Structure formats: structure tokens, C-alpha cells
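> next one to model:
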Amino acid sequence: MNESFQHSTILSKGSIDNVQGVKIIKLSGNSYEIGFQHGYLLADNIRLMIEQTLPAAAAVIAKTLHSDFDTAFEKMQRAAKLARPYLPEELVAEMRGIADGANAAGYSTNFETIQLWNTMYDQWCIYAHPHYWDIDNPERKGQYPNGKAGTHVLAGAGCSSFSAWDESAGGDGKLIFCKNEDNLNLPAQLENRYLFVVNPDIGNAHLYLCFPGMIGMDGGFNDKGITMMTQYSASIHETMEGCGIGVFTRLLLTHANNLDEAKQVFFDHPRCTGIAYHCADAINKKACVVETSAKMVTVRDPMPNFSRLWQANDSICYPGYQAYYGYNMVADQQLVYELADVSSIQSYLDSMKAPYNMVVPAPCRFERYDQLLQNYYGEIDVNAAISIVSDRFDPYTKMTRPKDAPSYTNNIMASISAKYPEDLFTESPNGSFKAGVANLWSLIAYPETGDFWLAIEDFPANQGEFHQFNLNNLLGRK
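Presented below is the predicted three-dimensional model:
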């Protein structure tokens with residue numbers, strides 16, 4: 001069997017399409033074949049990510065750390081190498097497939113470059129706050145020169161989500177899961193937002209949203225009704241010697257068949273950064289938030305008699321708060337979010353509201369979700385969900401942020417629908433560019449049936465149109 005025939009056989013299992021303005025890539029087969037299809041079909045797009053977006057990511061880190069480009073890029077390369085031994089074999093095979101597929105299509109790259117690209121968001125999570133993990137001295141916590149970051153754009157990068165079921169959802173009570181992915185608009189990214197639909201030989205069919213060359217990013221849902229969403233929630237205990245958000249996205253969606261199996265994924269693998277993973281089992285109408293750091297994994301369940309759950313970018317795991325009684329994750333967050341006082345629940349909540357704290361990521365969003373989920377109680381359907389995820393009201397100032405205006409700070413005029421000021425970056429070898437945080441995509445799903453609504457064309461995406469799809473239809477199932 002010659003190489004050309006092998007390639008054509010593999011490629012026959014994948015396809016690419018544009019439906020209602022949404023870019024969709026469908027992949028199937030074993031891990032290597034899934035990667036090869038990805039790399040081949042999106043080779044030109046991967047070239048843009050590697051040659052334009054990845055250098056821009058290093059430029060953002062360079063400005064954050066007051067360093068030059070070469071120093072920042074070298075830190076990224078070393079950190080990616082540290083993460084490499086922790087990659088599950090199935091995802092190593094997929095990344096090798098991506099590299100080989102891109103090469104077969106005419107773009108010369110390698111596994112190491114693809115793996116580096118796949119660590120970008122994990123590395124950003126580390127540098128988005130002071131007292132960060134320092135690759136030059138991991139036992140010492142890094143600090144920005146003069147105590148201030150060169151740019152605060154990374155601190156605005158975050159996400160939020162909510163789920164509701166039974167009496168909260170109303171109607172037939174099906175579990176609805178909604179998420180906003182808020183992050184930077186680096187060069188070449190906005191035109192390369194893709195919906196990935198994957199049907200692996202082993203494991204569950206699933207979908208996720210991501211950029212070309214990446215194996216995952218911020219969660220998704222599978223055909224067993226299991227869904228997960230990542231939220232940046234920093235910790236003093238972080239490292240690159242572990243698994244990141246893309247890895248956990250694919251492990252969970254591929255292998256979890258119920259909520260217990262979803263939770264176990266985080267206990268079974270070492271973790272890089274502080275992340276809150278909102279997980280749900282739509283068939284059994286259960287949800288939880290798994291808060292993680294390099295040191296700890298803890299689970300926050302819904303409050304008693306609550307059929308709804310929500311999460312933003314701040315730890316809610318303070319013993320005694322909202323019926324949580326596990327490990328105090330807030331104590332591990334105090335330094336990295338520069339919270340003045342966390343000695344009590346009230347002091348912790350008050351410290352979160354400091355208006356000119358530039359590293360705490362908009363805790364007002366968590367409060368606003370609480371308000372809206374109460375307001376829509378018993379009526380949380382797709383239309384209500386769209387209103388919630390696109391909300392621009394700041395509960396702290398009690399003002400609505402104009403649609404085209406950015407927030408003043410992370411805590412003044414910040415809202416569920418994120419939009420922050422842009423900054424200028426000059427260290428990229430491709431030249432200067434501006435970038436700022438807003439909503440990259442917004443997903444509203446009924447994972448049990450596979451129905452979902454996706455906004456992914458605008459920036460903020462959730463101020464634009466939501467398009468309806470069904471996972472089973474995308475998989476070709478009747």
C-alpha cells in the first residue's frame with residue numbers, strides 16, 4: 001500500500017464545511033488519523049497560527065513581563081517542553097498526525113511546534129497574574145518589575161458559564177448548558193474560529209471550539225450528554241509540568257460517560273494552572289464545578305435544592321460559602337489576585353470588589369449570573385439563555401455598558417458579555433498589532449439531545465447572531 005493511497009484513505013474520513021457562516025471541520029478515525037485530517041485540511045490555517053498568532057502570543061507575554069520577544073518566546077519553548085512528558089499517548093498521536101498532515105499538504109512543521117502551539121493558553125494563565133510560576137526558578141514566585149504588569153490584557157481573559165435544569169429551566173426541565181469564551185483577538189484568530197466535530201474509533205463522539213492546530217481549548221460536549229467548560233481561576237500553585245485545558249477538554253469529552261467519570265479525569269492526571277471546570281451530565285441532570293490547581297482538586301456542588309449552577313473566573317471554594325465545605329481554594333488565590341483580606345467570607349467578598357484591582361477578573365459576573373438566574377427562574381430556555389450570556393449590566397455600578405464601549409477596569413463596567421480595552425504590542429517579529437479581550441464564541445446547548453446554538457462570527461461574538469445545529473446531525477446520524 002503506497003503512501004498516497006494511505007493518505008487518501010485517512011482523508012476520506014474527514015471533511016470541512018461552512019454552514020451559516022460557521023466554519024466546521026469533521027474528523028474521525030483513530031487518534032493519528034484524526035490529527036492527520038486536521039493537519040491536512042487546515043494546513044494553510046495552521047501556517048497562519050504558527051507564523052502569525054504564536055509570535056503575537058509571545059509578544060503579549062513579553063509586554064506583560066517587561067521583556068523582549070526572544071526572552072518571552074524562549075520561556076514559552078522551555079515551558080512547553082516541560083509539559084511534553086505529561087501528554088496522554090492518544091493526544092501525542094493526534095498532534096503527530098496534525099504535523100504530518102500539514103506536511104503532506106505542503107506546510108513544513110513538526111510535532112514540537114504543534115505541541116508548543118497547544119500550550120499557549122496554559123502559559124497565558126500563568127502570566128496573567130503576579131506571583132506567577134517562574135520557569136527560571138520554580139520554587140520562587142515571579143513578580144512583575146516594579147509590581148506592575150506591562151499590560152493587563154491577560155487579566156481580562158477569562159470565561160463564564162451556567163447550567164440549569166428541572167424547575168430552574170422550566171418547560172420539560174432538560175438541562176441547558178451555556179458558556180462564554182472570552183479571550184484576545186490576536187492576529188489571524190478571528191477569521192479562524194472553528195467548530196470541531198470528532199467521532200473517534202475509541203470513545204465518545206464530541207464537539208469543541210478551537211483554532212487550527214490545537215487539539216482543544218475550553219471544553220464542549222459529547223454524545224453521552226456530558227459537557228465541560230473551562231474558566232481561568234488562578235492559583236499560587238501552578239506549573240507547566242502537567243496537563244492543560246486543551247488536554248483535559250479532549251480527555252473528558254472522549255472518555256467520560258457520566259459526571260463521576262468526568263470528575264475523576266482531574267484526579268487521574270497532573271494539572272498545570274488554576275482552572276475551574278464546570279461539568280454537567282445532562283441525562284442525569286447533575287452538575288458541579290471542579291476547581292483545580294497544580295496542588296489540589298476540589299469539587300463544588302450546587303447549593304441544596306438548587307437546580308442551577310454558574311461559574312466565572314474567581315474561586316467560590318471558601319468553606320461555609322454557598323454550602324461549600326472543602327479545601328479553601330480562595331486562600332491559594334489571595335496573592336495572585338492581590339486580594340486585601342480573605343480572613344472571613346465577608347472580607348473575601350469585599351476584597352473582590354476593589355474597583356481598581358487590575359488582576360482580579362471581574363467577580364461582578366458571578367454576582368450578575370446569580371441575579372439573572374433568579375430573574376429567569378422557571379423560564380430558562382434558549383431565548384433566556386441568549387439574554388443571559390449577552391448581558392452587559394454591571395451589578396457593582398448598576399449601569400449597562402454600551403454595546404461598543406469597553407469596560408473601564410476589570411471591576412468597573414465589566415459584564416457577562418466581555419469587552420475590554422485594546423493594547424498595542426510591538427515585540428512581534430511580524431510588526432505591531434493591537435489586541436483586547438472580548439467574547440470569542442458563545443455556546444448554548446441541550447447536550448442530551450445534541451441541540452445547540454452557537455455565536456462565533458462577531459467580536460464580541462455573543463452580540464451577534466446565534467446559529468442552531470445538532471451534534472447528531474453533524475455526525476451524520478438520523
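> what packs against the helix or strand of the chain with the lowest mean pLDDT?
Across the helices and strands of the chain, mean pLDDT, DSSP states H and E gives its lowest value to helix 3-11, namely a mean of 85. Packing partners of helix 3-11 (3 or more Cβ pairs under 8 Å, 6 or more residues apart in numbering; DSSP states H and E): helix 31-41. The way it works is simple: take the backbone N, C-alpha and C, and place the C-beta from them, glycine included.
> gap between the helix it packs on and the chain center?
Centroid displacement of helix 31-41 relative to its chain, using Cα atoms, centre = their mean, to the nearest Å, is 22 Å.
> would you state the helices of the stretch 51-200 of the chain in chain order?
54-64, 69-83, 89-104, 111-117, 120-127, 153-156, 166-169 (DSSP state H, counting those that start in this stretch).
> burial check on the residue nearest to Arg250 when sequence neighbours are not counted, number of neighbours?
Nearest residue to Arg250 in three dimensions, chain neighbours excluded: Gly216, at 4.4 Å (Cβ to Cβ, 6 or more residues apart in numbering). Around Gly216 there are 28 other residues, counting by other Cβ atoms under 10 Å.
> got the phi/psi numbers for Gly216?
phi 170, psi 170 (degrees, to the nearest 10).
> what's stretch 136-153 in contact with?
60, 62-66, 130-134, 155, 184, 236, 239, 335, 358-359, 410, 420, 422-423, 425, 435-437 (Cβ atoms under 8 Å, 6 or more residues apart in numbering).
> distance between that stretch and the chain's centre?
23 Å.
> and if you look at stretch 273-287?
Stretch 273-287 has its C-alpha centroid displaced from the chain centroid by 14 Å (Cα atoms, centre = their mean).
> buried sites along it?
273-283, 285-287 (16 or more other Cβ atoms under 10 Å).
> how many neighbours does the closest residue to Asp281 other than its chain neighbours have?
Leaving aside its chain neighbours, Asp281 sits nearest to Leu259 (4.0 Å; criterion: Cβ to Cβ, 6+ apart). Leu259 is flanked by 22 other residues according to other Cβ under 10 Å.
> report the contact partners of Leu259.
Neighbouring residues of Leu259 by Cβ under 8 Å, 6+ apart: 226, 279-281, 284, 286-288.
> okay, it: pLDDT?
pLDDT for Leu259: 99.
> try Asn2
Model confidence at Asn2, given as pLDDT, is 66.
> just Ala155 next, same as before
86.
> once you drop chain neighbours, what's closest to it?
Per Cβ to Cβ, 6+ apart, closest to Ala155 is Val359, 4.8 Å.
> shouldn't Trp453 be in contact with Val389?
No - assessed by Cβ atoms under 8 Å, Trp453 is found out of contact with Val389, at 9.9 Å.
> any residues in contact with both of those two?
Taking Cβ under 8 Å, 6+ apart as the contact rule, Trp453 and Val389 both touch Ile444.
> tell me the contacts of Thr426?
59, 63, 432.
> re the thing from before, switch the helices of the stretch 51-200 of the chain over to CSV; also include mean neighbour count and distance to Asp44.
Formatted as CSV, these follow (neighbours: other Cβ atoms under 10 Å; distance: least, Cβ to Cβ, whole Å):
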stretch, mean neighbour count, distance to Asp44
helix 54-64, 24, 15
helix 69-83, 18, 23
helix 89-104, 22, 9
helix 111-117, 21, 15
helix 120-127, 24, 19
helix 153-156, 26, 28
helix 166-169, 19, 42
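> by mean pLDDT, show me the worst of these.
The minimum mean pLDDT among these belongs to helix 153-156 (a mean of 87).
> so between Trp453 and Val389, which is more surrounded?
Per other Cβ under 10 Å, whichever of Trp453 and Val389 has more neighbours is Val389, with 26 against 20.
> looks like the more buried one contacts Ile444 (just checking).
Yes - with contact defined as Cβ under 8 Å, Val389 reaches Ile444; the gap is 6.9 Å.
> now do the shared contacts for these two.
Listed as contacting both Val389 and Ile444 by Cβ under 8 Å, 6+ apart are Cys178.
> about what we covered before: which one, of the helices of the stretch 51-200 of the chain, ends up nearest to Pro402?
Pro402 lies closest, by Cβ to Cβ, to one member of these: helix 153-156, at 17.4 Å.
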